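> heads up, no residue letters with this:
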C-alpha cells in the first residue's frame, strides 16, 4: 500500500523532521516542528549544509534583481509568503527590493492550509496567518514566496487561495530551493538554488526569524526518527531506498545555478517516469 | 481534539485555544469578497434540531456552507419525529444517508451523548436541555478575548437563570479551563443545588459584584422551563437582577456586556444597555459563525480518527484513512 502512495510516504519522513516538503510546506511545518522539538535546530546526522547564510543572502539579492528586471521595476509587485518560512523570505525580498529601487514593496502572507489536497491524510492542522497588504492584489503582480519547491502541491493550493482573495494581473513564484520531483505542472519563476535530491532525502531550510540561524541543510530522512511507529518507518525506508536507487540510476538532470531561468529540465517528468 | 464536542469539559486548554486561534484566522475571511473555503467539500453536516432555534441553527448552517459542506436541515416539526420516531431510529436514518457530522439540539440533557454512541460521524452539541452548549461558550470566550485581549485572570460575572442555563454550565467549565474567574449571580432559587461543587464563586447581590467585573454576561429568564415559582414577580426580578443603565455605570470603564440571546428586553437587560457600545450581543452572533467554522474544520477537516467506529460497511475505509494518517505522521 505504501508503494501506492508515494506522497504519503514522503510526508512521513518530511513531517516528522519538520522539514519543508510538499506535504508539510506552509503552516504544517510549524506544527511538525512543535511535534518533534529538536529535529529543527539540531542538524540531522550525516547531513550537509548546502547553503550558508551568505549564500542565502546572495541568492535573495539575485532574485530581487530578477524580479525588478522581469516586472519593470516591481511597481505593481505584491510579495506573498507561504507560511511558515515563506513569510520571512517574502519580507527579506521586500526589503531588498526597496533597497534596490527605493520604493517600498508590499509583503504579506498567504496561508494555504484550507486549500490543500492532503488534509485528510493527517489530523486537522493549525491554520497559518493570512495577511494581504491593504491595497489588495487586484491587478497586481503577485509573487508567491516559499522556501522549498517539491511536489508543487502547496503552490497549487496557493493559486486556489489567491483566486478567492482577488484577481491579480499575473502570479509568479519565487523559491529559495527547488529540489525537483514535481507532481504537478508547476515551475518557479525565480529559484535561489536548484538542488538535485533523491526523494529519500530531506531538505531543511533554517531562517534566523524562525530557527535562530540561516542555512539550507540536506540530510537523510531516517536520521531524526523518534517515532513510535519505528517499524513502519523502517518498512517505508526500505521501499524509499529502493525507489531512491531507481532514481539514482537515472540521475536528476538538474542544472545547478541557472539564474533567472528556474525551468530546470529535471522538473518532475523524469522522476515520475522512473517510478 | 476529541471526535465529538459534547461538553465544554471535553476541551483541554490547548484544544480550546486551538479553536479560538483557528476562529481568529477564519474571522478574517468574513471580510473577503469570496467567503467560501473548499475544505469540507463532499462532506455532509446534518443539523438535527428538536428545539426551536434561530441563531444557533443559522450559525451552524452558515459555518458549514462557508466550508463547502453539504448541509441537511432537520427539525422535529414536520418530520417523522412528529409521528413518534425515536432518536435512535432518526440517528440510524441519518447514518444511512452518510452524515459526517451531526449538530444536535435536543430538549433532553444527554441526548448528544447517546447519539454519539449510535453514529459514526462527529456529534456536535448545539444545546441539550439544561446541560451544555459548548459552542456558545467558545464564541463567548472568543468575543471576550477579541474585546479585552486576554482570558487569563479575567473576572466574569454570569447573571440570572443559572439553573436552567446550559450556556452558564458550558461557560463556567470553559472559562475555568482558560484561566478566567467566574462569579455566578442569581437568586438562590435559580441556582442549581450542587453549585458549590462548580469551579466558581457565587453571589446573590448583583450590585456588589459589578464594580469588580470585566465581563458581565446576562442570561435569559427561561420562562418556558419554569415549572414552579422561582421569583415573586418579573418586576421584582428585574429590579434586583436586571442590568439597567444605572447598574451598568457601576462597571469598570473597559467592561463589556454580553447576552447569549434571545433577549427579554426590560426583564434581565434594559434596552439602553443592550444597544450601548459596551454590548457585544451582535458581535457574538457574527463570532458564532467563525467559531463554529473552526469547530467543524477541526472535527472534520483532517483524517478520520477511526478506531471508535462502530463497525459497518465503511469501517474498512475508516481504517485505511487512519493508516494513511499514521504514515503521514
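Perfect, I can see it now. Nothing here was measured: the structure is a model prediction, and the numbers come from that model.
> Find me the pLDDT at residue 238, would you?
I went with chain A, as the question did not name one. pLDDT recorded at residue A:238 is 40.
> nope, chain B
Confidence at residue B:238, expressed as pLDDT, is 94.
> can you pull the contacts of the spatially closest residue to residue A:129 that is not a sequence neighbour?
Leaving aside its chain neighbours, residue A:129 sits nearest to residue A:109 (5.7 Å; criterion: CB to CB, 6 or more residues apart in numbering or on different chains). C-beta: built from backbone N, CA, C; applies to glycine. Taking CB atoms under 8 Å, 6 or more residues apart in numbering or on different chains, we find residue A:109 in contact with A:80, A:81, A:82, A:83, A:86, A:87, A:90, A:128, A:129, A:130, A:131.
> For the helix or strand where residue B:175 lies, give me every contacting residue.
In this assignment (DSSP states H and E), residue B:175 forms part of helix B:166-177. Residues outside helix B:166-177 that contact it (CB under 8 Å, 6+ apart) are B:7-9, B:11-13, B:16, B:127-134, B:136-138, B:140-141, B:151, B:154, B:156, B:158, B:162, B:182, B:184, B:198-200, B:217, B:219, B:260.
> Produce a ChimeraX select command limited to the buried residues of these.
The buried residues among the contacts of helix B:166-177 can be selected in ChimeraX (16 or more other CB atoms under 10 Å in any protein chain shown) with this line:
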select /B:7,8,11,16,127,128,129,130,131,132,133,134,136,137,138,140,141,151,154,156,158,162,182,184,198,200,217,219,260
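> Could you list which of the contacts of helix B:166-177 belong to helices?
B:13, B:16, B:134, B:136, B:137, B:138, B:140, B:141 (DSSP state H).
> Please list all residues in contact with the closest residue in space to residue B:221 that isn't next to it in sequence.
Nearest non-adjacent residue to residue B:221, counting by CB to CB, 6+ apart: residue B:161, 5.1 Å away. Contact analysis of residue B:161 by CB under 8 Å, 6+ apart lists B:186, B:190, B:219, B:220, B:221, B:222, B:230, B:268.
> what's the answer for residue A:208, then?
A:88, A:214 are the contacts of residue A:208 under CB under 8 Å, 6+ apart.
> In the stretch 101-250 of chain A, what residue comes closest to chain B?
residue A:124 (3.4 Å; CB to the nearest CB).
> For that residue, give me its contacts.
Counted by CB under 8 Å, 6+ apart, residue A:124 has contacts B:1, B:297, B:298, B:299, B:300, B:301, B:302.
> do that again at 10 Å, thanks
A:113, B:1, B:18, B:22, B:39, B:294, B:296-303 (CB atoms under 10 Å, 6 or more residues apart in numbering or on different chains).
> how distant is the helix holding residue B:175 from the center of its chain?
Put simply, helix B:166-177 sits 9 Å off its chain's centre (CA atoms, centre = their mean, to the nearest Å).
> can you check stretch B:2-22 too?
Distance, centroid of stretch B:2-22 to centroid of chain: 12 Å (CA atoms, centre = their mean).
> And stretch B:279-288, by the same measure?
13 Å.
> need the residues of the stretch 51-200 of chain A near chain B, please.
Listed as neighbours of chain B in the stretch 51-200 of chain A under the rule CB under 10 Å from any CB of the partner chain: A:111, A:113-132, A:136, A:138, A:157, A:160-161, A:163-167.
> Please pick the buried ones from the residues you listed.
A:111, A:113-116, A:118-132, A:157, A:160-161, A:164-166.
> Residue A:172 reaches residue A:191, doesn't it?
No: assessed by CB atoms under 10 Å, residue A:172 is found out of contact with residue A:191, at 11.6 Å.
> can you pull the buried residues of stretch B:200-210?
In stretch B:200-210, counting by 16+ other CB under 10 Å, buried: B:200, B:206, B:209, B:210.
> what does stretch B:85-93 give?
Within stretch B:85-93, the residues that qualify as buried are B:87, B:90, B:91, counting by 16+ other CB under 10 Å.
> So which of those residues are in helices?
B:87, B:90, B:91.
> Can you tell me how far residue B:130 is from chain A?
Distance, residue B:130 to chain A, using CB to the nearest CB, to the nearest Å: 31 Å.
> With adjacent residues omitted, what lies nearest to that residue?
residue B:164 (5.0 Å).
> What segments of chain B are strands?
B:44-49, B:70-75, B:101-106, B:122-128, B:155-159, B:181-185, B:201-203, B:215-218, B:256-258 (DSSP state E).
> Noted, bye for now.
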